[in-house]
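Trainee: below are the sequence and a predicted model for it; my questions follow.
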Amino acid sequence: MKKGIGLSIRSIIIAAIVLIVLIVLWAIFVGNMTKTAGSLKENTEKDIKKCTDDLVDGKVQTGSQTQSARQLCEANGGFIIPGEYSDVTGNKVCCKII
């Protein structure tokens, strides 16, 4: 029997197995990345709170042309609730009226 110059059957089988292993590893990696990104997004959305949520029980106070939001909150007998809230932007504060 003559040996051919081309690839042997053994080389083709080994290359096919390596290709299958690489495809499986790629699928596992991409699947885990998708799960990680999804859980990161869920956790980020859970951590965002609103001033008007039941647990915070605050009121979003907006400033006027003559007084800041902080001054208006304190003038109404309230105090500022520190923190970051998704519904408090710009010249607004989270105010708890007593």
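Mentor: Now that the structure is in, tell me what you want to look at. Numbers count the residues shown, from 1 in each chain.
Trainee: buried residues, the longest strand seen in the chain. List them.
Mentor: Using DSSP state E to define each element, the chain has its longest strand at strand 92-97. For strand 92-97, burial by neighbour count (16 or more other CB atoms under 10 Å) applies to 92-96. Where C-beta positions appear, they are placed from N, C-alpha and C, glycine not excepted.
Trainee: which stretches of this protein form strands?
Mentor: Counting by DSSP E, the chain has strands at residues 59-62, 78-80, 92-97.
Trainee: any chance of the buried residues of strand 92-97 in TSV, plus distance to residue 17 and pLDDT?
Mentor: Listed next are the buried residues of strand 92-97 as TSV, based on distance: CB to CB, whole Å; pLDDT from 0 to 100:
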residue	distance to residue 17	pLDDT
92	62	83
93	64	85
94	61	85
95	67	86
96	66	83
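Trainee: about what we covered before: do you know which of the strands of the chain lies nearest residue 26?
Mentor: Checking the strands of the chain against residue 26 by CB to CB gives strand 92-97 as the closest, at 46.7 Å.
Trainee: now that closest one, how far from the centre of its chain.
Mentor: Taking CA atoms, centre = their mean, to the nearest Å, one finds the center of strand 92-97 at 26 Å from the center of the full chain.
Trainee: per the record, what domains does this protein have?
Mentor: Listed by automatic domain parsing, the domain ranges of the chain are 1-47, 59-97.
Trainee: average pLDDT for stretch 10-20, rounded please.
Mentor: The pLDDT scores in stretch 10-20 average 92.
Trainee: as PDB, could you dump the C-alpha coordinates of it?
Mentor: Coordinates of the C-alpha atoms in stretch 10-20 are reproduced here as PDB (Å, rounded to 0.1, in the frame of the first residue of the first chain):
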ATOM      1  CA  ARG A  10      -6.200   9.800  11.500                       C
ATOM      2  CA  SER A  11      -5.300  13.500  11.100                       C
ATOM      3  CA  ILE A  12      -8.800  14.300   9.800                       C
ATOM      4  CA  ILE A  13     -10.500  12.600  12.800                       C
ATOM      5  CA  ILE A  14      -8.200  14.300  15.300                       C
ATOM      6  CA  ALA A  15      -8.900  17.700  13.600                       C
ATOM      7  CA  ALA A  16     -12.700  17.000  13.800                       C
ATOM      8  CA  ILE A  17     -12.500  16.100  17.500                       C
ATOM      9  CA  VAL A  18     -10.500  19.300  18.300                       C
ATOM     10  CA  LEU A  19     -13.100  21.300  16.300                       C
ATOM     11  CA  ILE A  20     -16.000  19.800  18.200                       C
END
